[in-house]
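Asks: Quick check, what structure comes out for this input:
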Amino acid sequence: MKSLKLASAAAALVLSTSANAAIISYGGYTHDTDTDIVTGNGLEWLQWDRTVGESINSIQSQLNSLDGGGWSVASNVQMAQLFNAFAFNFGYVFDSDENTRESVYTGYSQGDPGTEADELFINMFGDTYLAGGSTYCYGSNCLTAAIAYFGTDPDSDGTYNLASVYDDYIDNFSAPQSGAATLFADGYYPSVGYQYYGIALVRDVSAVPVPAAVWLFGSGLIGLAGIARRKKA
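Replies: Numbers count the residues shown, from 1 in each chain. Prediction:
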């Protein structure tokens with residue numbers, strides 16, 4: 001009975017740390033909305049809206065201080081894998097060639113059900129358009145987008161790539177516009193930032209420090225065990 005009470009109390013402790021959390025999952029990627037981290041394919045991604053306005057150069061000094069550190073700018077291979085996991089357009093496969101521009105339209109559907117691949121991507125990685133202080137709306141229908149610099153410059157030409165996902169919207173002429181997912185060819189200089197572009201940062205899951213919630217859980221178990229021993233004595 002005592003062990004059952006301890007287990008119940010421990011479960012309540014864990015639940016209390018995530019009572020307001022929501023889990024968004026798609027294509028093997030998951031985002032716990034209590035955090036700014038997206039997890040999938042053995043990597044953690046920092047939400048892109050956390051770094052709006054930064055350049056690839058300016059972000060370098062923050063790689064070891066943002067959310068526990070250990071970050072690097074996402075490579076062309078990692079970004080291609082991410083876009084392919086979301087299957088924005090069934091049958092299309094993004095490649096990792098930094099010199100090609102690849103774009104697929106995700107279509108237009110009236111309303112925003114929140115279940116489309118482009119919507120889920122933006123919900124996971126953050127609306128950088130909004131975070132940068134930009135709005136483009138027709139009535140209640142607003143453009144949402146997740147945009148970030150990435151790349152490791154494999155051909156050493158001094159320029160990098162840009163990833164963009166935006167959901168369908170209605171323009172100022174009340175015309176429906178399809179959403180799209182695009183990996184732009186390199187051509188972006190590392191010293192340039194833009195107000196509603198972020199930086200795509202990744203780190204290995206194995207390099208991530210143990211979350212505070214886990215330490216809290218362990219401390220709670222130890223405390224509960226101590227209380228049980230005192231009562232027994």
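Asks: And the helices in this structure?
Replies: 2-17, 56-59, 76-86, 117-125, 128-131, 212-232 (DSSP state H).
Asks: Just give me the longest strand of the protein.
Replies: For the chain, the strand with the greatest residue count under DSSP state E is strand 179-188.
Asks: Report how many residues lie close to the residue nearest to residue 153 when sequence neighbours are not counted.
Replies: Closest residue to residue 153 apart from its sequence neighbours, by C-beta to C-beta, 6 or more residues apart in numbering: residue 160 at 6.0 Å. To be clear about C-beta, it is placed using only N, CA and C from the backbone, and glycine gets the same treatment. The number of residues packed near residue 160 is 23, by other C-beta atoms under 10 Å.
Asks: Now for residue 160: which residues touch it?
Replies: By C-beta atoms under 8 Å, 6 or more residues apart in numbering, the contact list for residue 160 reads 56, 73, 98, 149-151, 153, 186, 188-190.
Asks: pLDDT score for it?
Replies: Model confidence at residue 160, expressed as pLDDT, equals 98.
Asks: Next one: it from residue 74, what distance?
Replies: As judged by C-beta to C-beta, to the nearest Å, residue 160 and residue 74 stand 10 Å apart.
Asks: what's around the residue nearest to residue 85 when sequence neighbours are not counted, how many residues?
Replies: Leaving aside its chain neighbours, residue 85 sits nearest to residue 27 (3.7 Å; criterion: C-beta to C-beta, 6+ apart). As a burial measure, residue 27 scores 17 neighbours (other C-beta under 10 Å).
Asks: Residue 27 contacts residue 81, correct?
Replies: No - the criterion here is C-beta atoms under 8 Å, and residue 27 misses it with residue 81 at 10.1 Å.
Asks: tell me the centre residue of this protein?
Replies: Nearest to the mean C-alpha position of the chain, counting by C-alpha atoms, centre = their mean, stands residue 125 at 3.0 Å.
Asks: what number of residues lie near the residue lying closest to it once chain neighbours are set aside?
Replies: Computed as C-beta to C-beta, 6+ apart, the closest residue to residue 125 that is not its neighbour in sequence is residue 146, at 4.4 Å. Close neighbours of residue 146, defined as other C-beta under 10 Å, add up to 28.
Asks: Spit out the contact partners of residue 146.
Replies: 48-49, 121-122, 125-128, 163-166, 198.
Asks: Beta-bridge partners for the closest residue to residue 171 other than its chain neighbours, please?
Replies: Nearest in space to residue 171, with sequence neighbours left out and distances taken as C-beta to C-beta, 6+ apart, is residue 177 at 5.5 Å. Judged by DSSP bridges, the bridge partners of residue 177 are residue 169.
Asks: if I pick residue 177, what's in contact with it?
Replies: The contact partners of residue 177, by C-beta under 8 Å, 6+ apart, come to 108, 168-171.
Asks: Mark which of those residues are buried, thanks.
Replies: 168-170 (16 or more other C-beta atoms under 10 Å).
Asks: Go through those residues and say which is closest to residue 39.
Replies: Within the buried ones among the contacts of residue 177, proximity to residue 39 (C-beta to C-beta) peaks at residue 168, which comes in at 27.0 Å.
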